[in-house]
Structure formats: C-alpha cells, structure tokens
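Chemist: Whatever this is, show me its structure:
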Amino acid sequence: MQANQKVTWLRALVFCVVLLVPLTATAFPESASVAEAAPASDVVDELPVGGWTLTAYLNGDWDSSNPWEWPTLFRFAVDGWAVKWHCLQSLTPVPPIGTGTGDTSCRREGNKLYCTSPGGTQNEFEFVEVIEYPPSQPKLERFEVSKQCSTPNQHSNDLDVEVRAYSDQGGSFGGAEVRINYGSDPVVGTTGGDGRFAHRILNARALTLIGTQVTVEVGDLDLQSFIIAEELFGPCTAHCHSLVAEYDPANKLIKLTGSGGPAGMGYTISDMTADPSTQLSSGTVDETEIFAAEDTTVALGWNRYQEQVGGELGPICPAEIEILYPASFEPSGSCTSPGQDSSDLKISGRMLDQHGNLYLPAVDVTFTYPDPNQPPVVVTIEGGVLGSPVFLGAKLYLGQKILISWEPSGAAELVVTSAMFDACVSPPPAPTPTATALPGFGNDPNAPPVPMAAQVMPTPYMANAMRSTADGMKFPLMALVVVLTVGMVKCLWRRI
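Modeler: This next block holds a predicted model:
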C-alpha cells in the first residue's frame with residue numbers, strides 16, 4: 001500500500017515539473033537566453049562606466065497589475081552605446097523611463113549595472129548584449145604644414161604657419177595637440193573642429209630669422225620641419241624703383257611718374273611738402289609697373305613727394321623739385337638826358353630768383369609813382385632785366401618812393417633822390433681869358449697869369465662917358481710915349 005502511494009506521489013511530481021517548465025519558459029522567454037548572451041570581458045570593458053539612462057522596456061507590460069507580466073529586460077544608453085540589461089529582482093516594480101537622469105544615476109561595475117532608482121523599484125541589472133555600438137572614433141593619422149607670408153600683395157615681414165590634422169577616416173581631426181618650435185619657447189595649441197591650427201611668426205624677416213629651422217609636432221606623429229627662407233616672402237615683397245617730378249609751367253602743375261612693383265601691389269603717391277601730407281594718387285600696380293599723379297597746388301620753392309609700394313610697411317621712393325620764383329627786384333634810377341637839364345627819371349633794374357640769380361621767365365611788374373596824376377605802369381620783364389620805363393617830372397618828388405610789385409607777392413621800392421639828376425644839368429659858362437706878364441718888368445716869370453678884367457657890356461650912358469674921357473687923354477698919352485722912348489734911347493747909348 002505504501003509502495004503504491006510513493007509511486008503515485010512520484011508520478012504527480014513528475015507531472016508538475018513537466019507542467020511548470022513550459023509555463024516558466026512562457027513567463028520568462030528571454031531568461032533562457034541570458035546565459036547564452038553572456039558577454040566577453042573585452043566588450044564589457046569598453047562600455048562607459050557612468051552616465052547610463054533607461055530609455056526603453058524590451059519585454060512585458062510595465063502597466064500590468066500582474067507582477068509576472070512586468071518587464072525583465074531593459075535598454076540603457078550612453079555616448080552612442082545601447083545595451084540590453086536583465087533585471088536581477090524579479091517581481092519587483094520596474095523603474096520609470098529616464099532613470100539615470102535628474103536625481104537618479106546608473107553606474108556600471110563589471111558586467112553589472114546599479115541604479116539609484118526610486119525606492120521600491122528594481123535597481124540591479126546584469127549585462128545581456130550590445131544593441132547599438134557608437135560610431136567608431138577617428139584616430140589621428142597625419143598632418144600637413146603650410147607656410148606663406150601674411151599679406152600677399154602687401155609688403156610684410158610676417159610669416160603665417162598653418163597646421164592641418166587628418167584622421168584615419170580621411171576627414172579633419174580636431175583636438176590634436178600641436179607644438180611649433182623656432183625659438184626658446186615653443187608655441188603650443190590644439191587643432192580646431194576643422195583640424196586647423198594657425199600661428200603667425202611676427203617680423204620673421206625683420207628679426208633676421210631667415211635660415212632658422214622650424215619644427216612642427218602633432219600628437220605622437222613624426223615631426224615635420226622647414227627653413228624660413230627669403231623666397232617665402234616673395235608675394236609680400238614690394239619694390240620701389242623711382243619717382244620723377246617734372247614742372248609744367250604752361251599749366252602750372254607738377255607731373256609725377258612712379259615706378260615699382262610687382263604687379264598686384266598697392267601704391268600711393270603723396271605730397272610731403274606740407275604737414276600733414278596729402279595723397280595725390282593710389283591704386284594697384286599693373287604689368288607695366290608704372291603709375292602717375294599730378295600736383296596742381298604747386299608751392300614756390302621746394303616741393304617734396306613720396307611714392308610707397310606695398311602698403312604702410314612697403315619701401316619708399318622720394319622725389320623733390322624746386323620751383324624758381326621772382327624773389328627780389330633790384331631797382332635803380334637815372335635821369336633821361338645826361339648833359340641837359342631834365343626832371344624825368346628812367347627806371348632800370350634786375351629781377352632775381354630765390355638764389356640771387358637772374359629770373360629769366362617773363363614777369364609782369366607794376367610801377368606806382370608818387371604823382372597821383374600818373375596811373376600805375378605795368379612792364380613785362382623778360383630775361384631778368386628791366387627795360388626803361390620813365391617817370392615824368394620825377395624831380396618834383398625828391399625823397400618820395402616809387403612802389404614796385406609783382407605776382408604772387410613780390411614788392412620793392414625806389415626812393416627818388418637828387419643825385420639821380422646830377423648828370424642832367426646844362427654845361428657851365430665858358431672860362432674867363434688870362435694874360436701873361438712880360439719879362440723884364442720885375443714880375444716873377446713863374447707867377448700864375450693875372451686874369452684880365454671881366455668884360456662887361458656897358459650901358460649907353462657909360463659908353464658916351466668912356467668916349468669923352470678917351471678923347472681928352474690922347475695928347476698926354478702921346479707925350480708920355482715920347483718921353484719914355486727918349487729915356488730908353490739914352491740908356492742904350494750909355495751902355496754902348
């Protein structure tokens with residue numbers, strides 16, 4: 001009897017096992033494959049440690065009132081990874097979607113995931129498999145170095161160095177560390193999102209860095225190097241050949257012709273005569289490498305100009321030209337008819353430039369006389385020598401000034417003096433005749449001649465008186481002559 005009961009119980013146990021196994025498989029369909037999906041350790045080790053977030057339930061009905069129907073497989077994601085995790089707390093309320101964010105967090109430890117889930121919910125999970133892998137991360141594969149002067153078509157001494165890093169996927173590689181060495185202190189930086197890193201070596205040419213070696217390192221790749229050579233500055237090297245200034249007297253302007261290059265460089269021509277300077281012309285040098293300007297505001301004396309090619313740092317060619325101008329006039333005056341009485345004044349003189357030389361171009365000169373009745377006279381001086389304008393009646397204005405003026409602001413004056421008329425006086429009367437004393441009368445033969453009495457024209461009365469006196473004196477005079485003659489004869493006879 002007891003033996004039969006044991007058999008009966010054994011059959012019932014087997015029946016229950018056979019019955020329950022299918023039910024268990026139905027209730028937990030994924031549980032049978034959990035062990036089969038166990039990950040390799042290298043896969044789990046690649047998974048991020050923190051930052052996991054519950055994004056989906058992969059089975060069951062989280063809203064069911066039957067615990068046997070609640071989800072047991074969950075999808076957690078982080079940094080592009082999506083992983084299936086199996087709960088280790090069956091029949092426990094499931095955590096809400098979004099667990100791992102806000103006040104909650106999920107952290108991986110080995111092949112287990114632990115979450116600070118809301119109280120009473122599942123918070124321990126086991127790795128099943130990777131659902132989605134993140135995009136493969138690019139790796140630094142190579143880099144390129146380019147160098148050029150900083151401002152092509154403008155004169156510059158700066159050198160731009162650009163590093164560009166590339167990944168193994170062919171695109172740009174950002175975040176790579178860059179080191180550029182050319183001096184005592186290396187330049188350190190990282191490539192941007194476009195894989196570029198740029199550095200400008202200031203005054204590379206001016207600071208005599210020509211011939212210096214520059215090395216560039218990016219990440220752990222082999223370094224690259226180059227030499228700072230003069231050729232690198234070719235596109236940024238301007239040349240100033242010449243600037244020529246020529247005066248055009250007909251149009252009263254200065255023509256300027258500049259030369260420089262190379263083609264494509266900018267140029268300016270400026271008037272440096274005044275401060276501040278004035279730009280006369282600017283543009284871009286063409287293939288002829290010749291450019292021009294005009295200055296219509298010509299200054300008397302020196303005019304100075306400057307040509308610059310290649311911008312503010314470019315070379316300079318100066319030019320200057322001196323404009324001669326009538327600076328002074330040297331007047332003189334003389335009477336018009338030497339040897340004859342004259343009251344008129346003939347004016348002459350020389351026009352001189354700023355250096356004291358004859359000013360040869362024609363100049364209109366105005367003479368303003370002190371006589372208000374005579375209008376100003378305009379005379380053209382050519383060759384620097386004045387003709388002979390005449391001031392009529394000038395002798396009446398002794399001590400007064402003749403005003404002389406010419407453009408643009410020249411002025412001189414001539415004072416009328418009496419000395420100017422000394423040569424214009426009629427000749428004096430003829431000199432009085434003189435008689436020579438006869439020898440033998442006790443007079444000194446070396447004595448100067450005695451002048452005869454001056455001849456005076458007698459009046460009629462004086463002529464009659466002189467005639468009567470002469471008639472009365474004829475006899476006494478004759479007697480005197482006879483006596484003197486007899487005396488002389490006696491003296492001679494005695495000597496004999």
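
Chemist: Look at the spatially most central residue of the chain and tell me its secondary structure.
Modeler: Of all residues in the chain, the one closest to the mean position by Cα atoms, centre = their mean is residue 312, 4.4 Å from it. Using DSSP: H, G, I helix; E, B strand; the rest coil, the structure places residue 312 in coil.

Chemist: Kindly state the pLDDT recorded for residue 262?
Modeler: Confidence per residue is given as pLDDT, and for residue 262 that number is 94.

Chemist: check contacts around it.
Modeler: The neighbourhood of residue 262, defined by Cβ atoms under 8 Å, 6 or more residues apart in numbering, consists of 238-239, 285, 289. In this view, the C-beta of every residue, glycine as well, is placed from N, C-alpha and C.

Chemist: Equivalent analysis for residue 207, please.
Modeler: Per Cβ under 8 Å, 6+ apart, neighbours of residue 207: residue 157.

Chemist: now residue 56: how far from residue 238?
Modeler: With distances taken as Cβ to Cβ, to the nearest Å, residue 56 is found 68 Å from residue 238.

Chemist: need the helices for the stretch 301-450 of the chain, in chain order.
Modeler: Along the stretch 301-450 of the chain, no stretch is classed among the helices by DSSP state H, counting those that start in this stretch.

Chemist: show me where pLDDT drops low in it?
Modeler: In the prediction, the stretch 301-450 of the chain carries residues with pLDDT under 70 at positions 429-450.

Chemist: Can you show me the strands along it?
Modeler: Ranges of strands within the stretch 301-450 of the chain are 301-309, 316-323, 328-335, 345-352, 363-368, 377-381, 390-391, 401-406, 410-415, 434-435, 450-451, based on DSSP state E, counting those that start in this stretch.

Chemist: could those strands go into TSV alongside distance to residue 255?
Modeler: Below are those laid out as TSV (distance: least, Cβ to Cβ, whole Å):
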stretch	distance to residue 255
strand 301-309	11
strand 316-323	10
strand 328-335	29
strand 345-352	26
strand 363-368	23
strand 377-381	27
strand 390-391	43
strand 401-406	26
strand 410-415	26
strand 434-435	80
strand 450-451	81
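
Chemist: Nearest to residue 143, out of the ones you listed?
Modeler: Across these, the minimum distance to residue 143, taken as Cβ to Cβ, is reached by strand 301-309, at 36.7 Å.

Chemist: In contact with the closest residue to residue 302 other than its chain neighbours, which residues?
Modeler: On the basis of Cβ to Cβ, 6 or more residues apart in numbering, the spatially nearest residue to residue 302 that is not a chain neighbour turns out to be residue 322, at 5.1 Å. With contact set as Cβ under 8 Å, 6+ apart, residue 322 has these partners: 301-303.

Chemist: Try it again at 10 Å.
Modeler: Applying Cβ atoms under 10 Å, 6 or more residues apart in numbering, we find residue 322 in contact with 245, 247, 300-304, 353-355.

Chemist: same thing with residue 299?
Modeler: Residue 299 makes contacts with 254, 271, 273-274, 323, 325, as judged by Cβ under 10 Å, 6+ apart.

Chemist: Same question for residue 300.
Modeler: Counting by Cβ under 10 Å, 6+ apart, residue 300 makes contact with 322-327, 354, 408-409.

Chemist: Of those residues - the most surrounded one?
Modeler: Ranked by the number of neighbours (other Cβ atoms under 10 Å), the contacts of residue 300 place residue 326 first, at 21 neighbours.

Chemist: Contacts only, for that one.
Modeler: By Cβ under 10 Å, 6+ apart, the residues touching residue 326 are 300, 351-354, 359, 361-363, 365, 381, 384, 406-408, 410.

Chemist: that older thread, just give me the closest of the contacts of residue 299 to residue 65.
Modeler: Minimum distance to residue 65 across the contacts of residue 299 is 98.7 Å, recorded for residue 271 (Cβ to Cβ).

Chemist: Now do the nearest residue to residue 51 once chain neighbours are set aside, the pLDDT please.
Modeler: If you skip the residues right next to it in sequence, residue 51 has residue 78 as its closest partner in space, 4.4 Å away by Cβ to Cβ, 6+ apart. In the predicted model, residue 78 carries a pLDDT score of 94.

Chemist: Who does residue 78 form a beta bridge with?
Modeler: The partner list for residue 78 in beta bridges (DSSP bridges) reads residue 81.

Chemist: How many residues are close by it?
Modeler: For residue 78, the number of neighbouring residues by other Cβ under 10 Å comes to 19.

Chemist: do the same with residue 361
Modeler: By the measure other Cβ under 10 Å, the count of residues near residue 361 is 14.

Chemist: and it, how far is that from residue 250?
Modeler: When distance is defined by Cβ to Cβ, residue 361 is 11 Å away from residue 250.

Chemist: Run through the residues that contact the nearest residue to residue 284 once chain neighbours are set aside.
Modeler: Nearest residue to residue 284 in three dimensions, chain neighbours excluded: residue 266, at 5.7 Å (Cβ to Cβ, 6+ apart). When the contact criterion is Cβ under 10 Å, 6+ apart, the partners of residue 266 are 153-155, 238, 282-285, 308-311, 314.

Chemist: Between these, which sits nearest residue 428?
Modeler: The nearest member of those to residue 428, counting by Cβ to Cβ, is residue 308 at 77.4 Å.

Chemist: I figured that closest one hits residue 285, correct?
Modeler: No: if you go by Cβ atoms under 10 Å, residue 308 and residue 285 don't touch, sitting 11.6 Å apart.

Chemist: what do these two both touch?
Modeler: Shared contacts of residue 308 and residue 285, defined by Cβ under 10 Å, 6+ apart, are found at 238, 258, 260, 266-267.

Chemist: among these, which are in strands?
Modeler: Using DSSP state E, 258, 260, 266-267 are the members of the shared contacts of residue 308 and residue 285 that sit in strands.

Chemist: so residue 117 makes contact with residue 100?
Modeler: Yes: counting by Cβ under 10 Å, a contact exists between residue 117 and residue 100, whose distance comes to 8.9 Å.

Chemist: avg pLDDT for the helix or strand where residue 44 lies?
Modeler: Following DSSP states H and E, one finds residue 44 within helix 41-46. This predicted structure assigns helix 41-46 an average pLDDT of 82.

Chemist: Give me the contact list for the next helix or strand after that helix.
Modeler: Remark: after helix 41-46, the chain's next helix or strand is strand 53-57, criterion DSSP H and E. Residues external to strand 53-57 that are found in contact with it (Cβ under 10 Å, 6+ apart): 70-78, 82, 84-85, 94-102, 104-106, 113, 115, 117, 122, 125, 131.

Chemist: for strand 53-57, the distance to its chain's centre please.
Modeler: The offset between the C-alpha centroid of strand 53-57 and the centroid of the whole chain comes to 68 Å, using Cα atoms, centre = their mean, to the nearest Å.
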